[in-house]
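Asker: Sequence below, structure please.
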Amino acid sequence: MTEQLPPGSSYDDFRERTSAADQLLDEHMAVEALFANSLIAYTHAQEADLLYTPEVLVASGTWQKYEQRVAALARSNRNNDPFSAFLKKDRTQGWASVNTRQANRSALVRMAGQMIAEHAPIFWKEVLTLTDAGPARSALIDQLNGTVDADAMARMRAARESLNGTERNRLAQAVAFLIAMPPDPAHRALRRRQPKEDTNPKKKPIPAIAALRALNRHEYGKRKKNPAYCWRSHFWKTALTDDYVSAQRCAIIATLMLTGCRPVELSARLGVTVELGEANGENTLTFTVKGAKTAPELGPELEAKGQALRRIEMTCQSPESIWLRDYIAQSGSARLEIKEATTPRSPSGMWLSVAEQERRLTVSLGKLMTRLGARAFPRQRKNVTPYVFRHALAADMKADEKISDEIIAACLGQQSTRTLQHYGGSNRGRKLRSVRSQQIIRVTASSPIRGQKHVPFYDRGPVLGANQKKTAPTG
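Answerer: Model prediction:
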């Protein structure tokens, strides 16, 4: 909603004239350009808030992450200018990845928008104050009318002091950046890809897949002497015998291994529920996972993502599933909620956002798994993390002909099969079957996979492990 300014309005109610304001009279052409560009940038700042307002981003902890990224960019510039630092990296193609560039771009767009929302109305009033009544001022008012909303008009009228030189420079930098990098709320803009300096056409795998491949090679070597060896069973045995791993942490590790869930999905906000059951005369575990990385559909330009809820039912055949079944049974209940609370304050006493608490939980579980991995496989150079087990489960399911890509995506908490190309290891090529995928008998999820009309549903059927006659399953 816009508000009209009367052409004869007086704007001479500033408390004092600053030296920066007096300099505007000597920079007439530059001020005219900044005035016009600031109106364009203000429109871009409003576009950036179409999907998620700053209040929503602050509540989710995303705004704090944006501030950290902007501060890091500012430190890399000798003039403490994050916008120049970004544009310089863009010119020299200095980004580590396209995702890093996009994350920094989003942060700067938001910070520039906030800076413009705060400073632009003061600047507009400053320019109107220093412009004599007549055609020039009327032209400026015409530019404001129809472009600026009522909130900005109110801030402009309430301004009593003009911008100092530093604030005006920051406004100019923010305006220039938003015009050069307009917001893209739906993230549909083409992201620039870095030129490959390495002549080797083979792309380096992500750390979790590299670790999984190393562990599969380790298992292949061990099986020459011990055909029953399984690296995951060995890791589980190490976790059970570790003096510093509690039973609750063992339940968390077992859940990560069996479901491939994300570490953040074990936070107090989400959590995983496990229920004991029975199917075809066998004990079963049913995991109900509240998904992270979910978002509703916000229009044709921004599709929904993630599964808000998914259920994975399995028989108890692997060592960790048998232990978890017995652990729940000993508690006297057929149902167990597996989650880990985090402290709302940092060691220095600062309040932490929910997003920061969950980030610290992810780091904590990552350090735990890495320490246990170093104990279990002292000669391995690759770190074992929770995501190694997520990729291991994906590789197992890909090697199972009964399980479709849609079911794998649902099991991993996704709505698209496109991302499956980034999951798994070398099991698919060798068609190694694992007891950990064959013990999964049923998978359901809350949302349909993209391109499908119905929610995903998988049922292995009454005959469990029917394919085991062809190839003996691995551990």
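
Asker: So which residue is smack in the middle of the protein?
Answerer: Residue closest to the average C-alpha location in the chain (CA atoms, centre = their mean): residue 293, at 6.6 Å.

Asker: Just to be sure, that one is in a strand?
Answerer: No. With DSSP: H, G, I helix; E, B strand; the rest coil as the criterion, residue 293 is located in coil rather than a strand.

Asker: Quick check: it touching residue 307?
Answerer: No. Between residue 293 and residue 307 there is no contact under CB atoms under 8 Å: 9.3 Å. For glycine as for every other residue, the C-beta is placed from the backbone atoms N, C-alpha and C.

Asker: tell me, what's touching these two both at once?
Answerer: residue 413 (CB atoms under 8 Å, 6 or more residues apart in numbering).

Asker: Please report the distance of the closest residue in space to the residue nearest to the centre of the chain that isn't next to it in sequence from residue 295.
Answerer: By the measure of CB to CB, 6 or more residues apart in numbering, the closest residue to residue 293 outside its immediate chain neighbours is residue 306, 4.7 Å from it. According to CB to CB, to the nearest Å, residue 306 and residue 295 sit 7 Å apart.

Asker: quick one, which of the two is more surrounded?
Answerer: residue 306 (19 against 14; other CB atoms under 10 Å).

Asker: what sits against that one?
Answerer: Per CB under 8 Å, 6+ apart, neighbours of residue 306: 291-295, 413-415, 447.

Asker: among the residues you listed, which two are most distant?
Answerer: Within the contacts of residue 306, 292 and 447 form the most distant pair, 14.2 Å apart (CB to CB).

Asker: Any regions of the stretch 1-150 of the chain where pLDDT drops low?
Answerer: The model of the stretch 1-150 of the chain has pLDDT under 70 over residues 1-29, 59-60.

Asker: All the helices of it, residue numbers only.
Answerer: 19-23, 28-48, 54-60, 62-75, 82-92, 98-130, 135-144, 150-158 (DSSP state H, counting those that start in this stretch).

Asker: the helices in the stretch 351-475 of the chain, which residues?
Answerer: 354-376, 386-398, 405-411, 427-430, 435-438.

Asker: Present those helices as JSON lines; the columns should include mean neighbour count and mean pLDDT.
Answerer: Below are those laid out as JSON lines (neighbours: other CB atoms under 10 Å; pLDDT from 0 to 100):
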{"stretch": "helix 354-376", "mean neighbour count": "18", "mean pLDDT": "91"}
{"stretch": "helix 386-398", "mean neighbour count": "25", "mean pLDDT": "92"}
{"stretch": "helix 405-411", "mean neighbour count": "24", "mean pLDDT": "90"}
{"stretch": "helix 427-430", "mean neighbour count": "16", "mean pLDDT": "46"}
{"stretch": "helix 435-438", "mean neighbour count": "24", "mean pLDDT": "86"}
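
Asker: Please produce a markdown table containing those helices, extended by distance to residue 268.
Answerer: Output for the helices of the stretch 351-475 of the chain, formatted as a markdown table (distance: least, CB to CB, whole Å):
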| stretch | distance to residue 268 |
| --- | --- |
| helix 354-376 | 8 |
| helix 386-398 | 17 |
| helix 405-411 | 23 |
| helix 427-430 | 34 |
| helix 435-438 | 27 |
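
Asker: now for those, which one comes closest to residue 80?
Answerer: helix 354-376 (24.8 Å).

Asker: That closest one packs against which elements?
Answerer: helix 62-75, helix 231-240, helix 247-259, helix 386-398 (3 or more CB pairs under 8 Å, 6 or more residues apart in numbering; DSSP states H and E).
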